[in-house]
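Enquirer: Pasting the sequence and the predicted model now:
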2 protein chains.
Amino acid sequence: MTVSRALKNGTSIASATRARIIKAVEELGYVLDQSAGSLSSKRTGFVAALIPSINNSNFADTIRGLTETLEGSGLQLLLGYTDYSIDKEDQLIESMLRRRPEGIVVTGGRHTIRSRKLLQQSGIPVIETWDLPLSPIRHVVGFSNADASATLVKYLHSKGYRRIAFIGGTSNRDTRGADRRAGYERAIAELNLGPARVISFGTPPISMNQGAEAVVQLIAQWPEVDAAICVSDLSAFGAIMECQRRDWNVPNRIAIAGFGDFEIADCCVPRITTVGVHCLEIGKRTGELLLRAIASERKGISLNAQLITTEFGVIGRESA
Amino acid sequence: MTVSRALKNGTSIASATRARIIKAVEELGYVLDQSAGSLSSKRTGFVAALIPSINNSNFADTIRGLTETLEGSGLQLLLGYTDYSIDKEDQLIESMLRRRPEGIVVTGGRHTIRSRKLLQQSGIPVIETWDLPLSPIRHVVGFSNADASATLVKYLHSKGYRRIAFIGGTSNRDTRGADRRAGYERAIAELNLGPARVISFGTPPISMNQGAEAVVQLIAQWPEVDAAICVSDLSAFGAIMECQRRDWNVPNRIAIAGFGDFEIADCCVPRITTVGVHCLEIGKRTGELLLRAIASERKGISLNAQLITTEFGVIGRESA
DNA sequence: GGCATCCAAGTTATCGCTAACATTCAAGAC
DNA sequence: GTCTTGAATGTTAGCGATAACTTGGATGCC
């Protein structure tokens, strides 16, 4: 028991005793068994976060914001990645819940029915991010991908573009991509810009080469097109590079816009017009909310469902 | 006890009983407590993997290979990211070990003394990846970053370049970057290409803009330079874009090579000469080794330290 | 019928820790 | 000198599962 106290701060123990114990612990290379500790104390000291991909700087920024906010709270973040599959997410949710996280963060608002039920019944704070689901599980920190995309359409419209296409967002695995496409379709209908011109490409994760292939297909199918919105900066970049190879001037022959304000959008030539979505802030606000919700939960109170909407904005650059 | 058996397959239980239990479990939304299970069975069912960054497609590929190999083995992967800091890694190792993983994968061969000790004493299989450490903790799956970089220097030499510079690799946080720089220095000494021309830039993670800034500094400092190797494709890309903005022809004014064979190297204009390093294979072989080592451990045998060297190769493209 | 066999389900102890309560003992109050 | 106080340490029980063993009862064989 004294050892248990010595290894935990904020407990009353003689400093000499503690020092002696710590010394022994270090010599022995002893490491506390947290399974046993959690079983006894009912606190596991971790929160789970599920993201679609571990290779996407947008999600990485959100995770960074989350980690930074959680730092010092005694809560560790355990990451899982779903590969854009709600079935993998379902499995991951179950295995995470088995380990009794004190809170869980998921990406997006689309989940299996079973996932929803498990999350709801888990009794821990659940936060959906990067989206504004119609029927949230509980808390939400995100923004409307559809609105963001519609804003971009209006921006292009204000710059004089009239025959605007959309590249990507047709996989039902990437719901945020699909929302962006839906926002595009809504906006061109509102602006009376004629029928939607949508080019689909393969499954997520979104690659640069998908954008390159899509723009060729786009020009073949609708030669009159004067602008294209890509579901992500990565595909926008691929599209722009393909245009360079084919001597299609960007933005004169065709304007290309992306989504996400990845580093590449600011760094490439021409720089890509895109939508900035404050990824880091999503993470930070998620972290803050999580801490509040967990604190409430410990007091036996359940925090009311929170809906936090983060900002987004079009960033006009040379590609449009 | 019967419930415990019902939820585990391969146990002898009447199928009617099992069905009844599963039905109840689903209705109640009951989820097994793995803390308790692990405590009792001494098997936690997870392995830990630590990578420097969750936003790097090279490491992401390795993790993907690892996940794929582990799939179906009953082992879950728990990810941690160290932000290129061995102190964060140290903390992460301790908190992972507290949860008693059945194996642990770390990136690189440089760790705190305490980390090394903890890992050695943990009694679980430890695999260092992405590097060939001089004194490995136990198993290694990786390649020599220095050799890979030297190979690239020789390739540039064979193409006629003689005043070759190196951009990056000067932060001691990124040991793989530092190894690549060391390999460059060794190679230009061997080839008698005069003094090393090295431009340093900020701390990892490596950004595109760092490459852009560095190439400007490089040309200012050594105008005679005819080729530059960047520590990563990302900085190489930034450098190339900066050259485009300044009308420095690549590769005529200056050739630019990268490292890692990221998607961007194949997709951008001009395509980037780089070194491919078989990231996915590192992950797969790590996974296989891990499974073997864990199986041995369970039989009470400890697998001999394995050293697996993966291939790498220069990919010549238009930028050099 | 008697007995061996085997599958299903029940019992008990235990994993390593910590919450909660109990004890000890020294210092200070009166 | 006695009592109070409180910090330091000790004791006990229990967290929720599973390993290992035991029991119950159906089946089949001679």
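Expert: Right, received. Where do you want to start? What you see is a predicted model, and the numbers here were worked out from it, not measured in a lab. Residues are numbered from 1 along each chain as shown, chains lettered A, B, ... in the order given.

Enquirer: is A:A227 in a bridge, and if so with what?
Expert: Beta-bridge partners recorded for A:A227 (DSSP bridges): A:I164, A:A255.

Enquirer: Now do the same contact list for A:Q244.
Expert: A:250, B:269 (C-beta atoms under 8 Å, 6 or more residues apart in numbering or on different chains). (Glycine included, C-beta is placed from N, CA and C.)

Enquirer: buried set for the host helix or strand of it?
Expert: Secondary structure assignment for A:Q244, by DSSP states H and E: helix A:233-245. Going by neighbour count (16 or more other C-beta atoms under 10 Å in any protein chain shown), the buried part of helix A:233-245 is A:233-244.

Enquirer: May I see those arranged in CSV, with pLDDT as well?
Expert: Putting the buried residues of helix A:233-245 into CSV (pLDDT from 0 to 100) gives the following:
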residue, pLDDT
A:D233, 97
A:L234, 96
A:S235, 96
A:A236, 97
A:F237, 97
A:G238, 97
A:A239, 97
A:I240, 97
A:M241, 97
A:E242, 97
A:C243, 97
A:Q244, 96
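
Enquirer: Which member of those residues is positioned nearest DNA strand C?
Expert: Nearest to DNA strand C out of those is A:L234 (C-beta to the nearest atom of the strand; 45.0 Å).

Enquirer: my guess is that closest one contacts A:M208, does it?
Expert: Yes: A:L234 is within contact range of A:M208, at 5.2 Å (criterion: C-beta atoms under 8 Å).

Enquirer: Can you report how many residues neighbour A:G29?
Expert: Counted with other C-beta atoms under 10 Å in any protein chain shown, residues neighbouring A:G29 total 15.

Enquirer: Can you check the pLDDT for A:P204?
Expert: pLDDT recorded at A:P204 is 88.

Enquirer: do the same with A:G183
Expert: At A:G183, the pLDDT recorded in the model is 97.

Enquirer: correct me, but A:V153 touches A:E185?
Expert: No: between A:V153 and A:E185 there is no contact under C-beta under 8 Å: 9.2 Å.

Enquirer: Neighbour count: those two, which is higher?
Expert: A:V153 (25 against 19).

Enquirer: residue ranges for the strands of the stretch 101-250 of chain A, please.
Expert: Using DSSP state E, counting those that start in this stretch, the strands of the stretch 101-250 of chain A run over A:104-107, A:126-129, A:139-142, A:164-167, A:197-199, A:227-230.

Enquirer: Within range of DNA strand D, give me the residues from chain A.
Expert: Contact residues, chain A versus DNA strand D (C-beta under 7 Å from any atom of the strand): A:1-2, A:5, A:12-14, A:16-17, A:36, A:39-40, A:42.

Enquirer: what about 6 Å?
Expert: By C-beta under 6 Å from any atom of the strand, the residues of chain A that approach DNA strand D are A:1-2, A:12-14, A:17, A:39-40.

Enquirer: Now the buried members of the residues you listed.
Expert: A:13, A:39.

Enquirer: Take the residues of chain A next to DNA strand D and keep only those in helices.
Expert: Of the positions in the residues of chain A next to DNA strand D, A:2, A:17, A:39-40 sit in helices, assigned by DSSP state H.

Enquirer: Which of those residues sits closest to B:H278?
Expert: A:L39 (42.0 Å; C-beta to C-beta).

Enquirer: Any idea which residue of the stretch 1-150 of chain A lies closest to DNA strand C?
Expert: Closest point on the stretch 1-150 of chain A to DNA strand C, by C-beta to the nearest atom of the strand, is A:S4, at 2.8 Å.

Enquirer: you'd agree that residue is in a helix?
Expert: Yes: counting by DSSP: H, G, I helix; E, B strand; the rest coil, A:S4 is part of a helix.
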